[in-house]
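Novice: kindly return the folded structure for what I paste below:
(one chain, ligands or ions: 2)
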Amino acid sequence: MTKLSVNINKIATLRNSRGGNNPDLVKMAKDAERFGADGITVHPRPDERHIRYADVRDLKPLLSTEFNIEGNCTEQKFIDLVLEVKPHQVTLVPDALGQLTSDHGWDTITHKNYLENIIGIFKEAGIRVSIFVDPDERMVAGAAATGTDRIELYTEGYARHYHTNRNEAIAPYVLAAQKAKELGLGLNAGHDLDLDNLQFFATHIPWLDEVSIGHALICDALYLGFENTIQLYKRQLERSI
Ligand SMILES: CC(=O)[C@@H](O)[C@H](O)COP(=O)(O)O
Ligand SMILES: NCC(=O)COP(=O)(O)O
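Specialist: Ligands and ions are numbered 1, 2, ... in the order given. Coordinates of the predicted model:
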């Protein structure tokens with residue numbers, strides 16, 4: 001079954017808004033695991049506006065599920081952090097400095113040499129590597145040539161068009177996912193997945209290894225409670241089998 005990795009960036013954003021330690025990020029990460037999350041995702045950014053580098057160090061020894069660190073590997077600070085913490089997975093995202101949130105995948109053809117080199121460094125350290133890509137078969141083929149273990153399909157486009165025409169919205173993702181499967185790449189997906197659009201996505205791509213979900217899940221938890229929300233997301237993935 002597709003694994004659910006809960007992205008806890010937004011919990012850190014809330015904590016940082018007042019200083020102090022409320023909500024307690026580490027406790028909430030451990031509670032997320034207790035409530036059924038299969039993994040925890042963090043996406044530290046250079047300005048540390050949500051997850052701080054220190055949070056990443058604090059979390060690693062306390063987590064019992066898969067730890068996924070996402071971020072911009074052109075920052076040496078990010079590379080050093082990942083190599084020090086050694087998560088189960090690193091997801092390389094081509095963010096620009098100061099970007100509000102991730103908004104595009106890698107051009108895996110233009111940046112092939114760079115990616116090949118950096119992926120080799122993380123793999124040498126025993127860390128599984130995933131790279132963030134748009135649903136474009138050419139970019140998936142380019143990703144396979146870099147030596148990455150997995151790709152993460154950037155799902156904002158799917159989420160945006162889901163309510164207009166969900167069959168059209170998912171079509172490029174199915175093609176990209178089929179290409180990934182054909183080339184032996186593991187497959188993750190994320191960005192703006194939610195309780196409405198998740199099941200349809202996972203049903204159409206049943207070989208999906210993992211989804212990472214943060215913004216919508218934390219918003220839902222305000223109404224539905226954290227434990228209940230995680231269970232509801234898990235149920236969407238179970239129903240898609
Ligand atoms: C790669 C990706 O889509 C997510 O990691 C997203 O960037 C989450 O970051 P924010 O919580 O800062 O939007
Ligand atoms: N990799 C995507 C992620 O971690 C969460 O994205 P979002 O659900 O906050 O849009």
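Novice: in stretch 82-98, which residues are buried?
Specialist: 82, 85, 87-95 (16 or more other CB atoms under 10 Å). From N, CA and C alone the C-beta is placed, and that goes for glycine too.
Novice: distance from the chain centre to that stretch, please.
Specialist: 10 Å (CA atoms, centre = their mean, to the nearest Å).
Novice: quick one: that stretch near ligand 1?
Specialist: Yes: for stretch 82-98, a contact with ligand 1 is found by CB under 6 Å from any ligand atom, at residue 93.
Novice: is that stretch positioned near ligand 2?
Specialist: No: using CB under 6 Å from any ligand atom, stretch 82-98 stays clear of ligand 2, coming no nearer than 6.5 Å.
Novice: could you export that stretch as CSV, CA atoms only?
Specialist: Extracted in CSV, the C-alpha atoms of stretch 82-98 (Å, rounded to 0.1, in the frame of the first residue of the first chain):
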residue,chain,number,x,y,z
VAL,A,82,21.5,15.6,5.4
LEU,A,83,24.9,13.9,5.5
GLU,A,84,25.1,14.5,9.2
VAL,A,85,21.5,13.4,10.1
LYS,A,86,21.4,10.5,7.5
PRO,A,87,17.6,10.3,7.0
HIS,A,88,16.1,7.3,5.2
GLN,A,89,15.4,9.5,2.2
VAL,A,90,16.4,12.8,0.8
THR,A,91,14.2,14.5,-1.7
LEU,A,92,16.0,17.1,-3.9
VAL,A,93,13.8,20.1,-4.8
PRO,A,94,15.0,22.9,-7.1
ASP,A,95,13.7,25.7,-4.9
ALA,A,96,14.9,29.3,-5.4
LEU,A,97,15.9,31.4,-2.4
GLY,A,98,12.9,32.9,-0.6
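Novice: if we can go back for a sec, show me which of the buried residues of stretch 82-98 is closest to ligand 1.
Specialist: Comparing the buried residues of stretch 82-98 against ligand 1 with CB to the nearest ligand atom places residue 93 closest, at 4.6 Å.
Novice: OK, contacts around that closest one?
Specialist: Neighbour list for residue 93: 43, 70-72, 102, 132 [criterion: CB atoms under 8 Å, 6 or more residues apart in numbering].
Novice: residues of the chain that sit close to ligand 1?
Specialist: Residues of the chain lying near ligand 1 (CB under 6 Å from any ligand atom): 7, 9, 43, 50, 70, 93, 101-102, 132, 190-191, 214-215.
Novice: from ligand 2, how far out is the closest residue to residue 37 other than its chain neighbours?
Specialist: Spatial nearest neighbour of residue 37, chain neighbours left out: residue 6 (4.3 Å); criterion: CB to CB, 6 or more residues apart in numbering. From residue 6 across to ligand 2, the span is 9 Å (CB to the nearest ligand atom, to the nearest Å).
Novice: next one: residue 131
Specialist: In this view, residue 131 and ligand 2 are 12 Å apart by CB to the nearest ligand atom.
Novice: cool, and residue 40?
Specialist: Going from residue 40 to ligand 2 by CB to the nearest ligand atom gives 10 Å.
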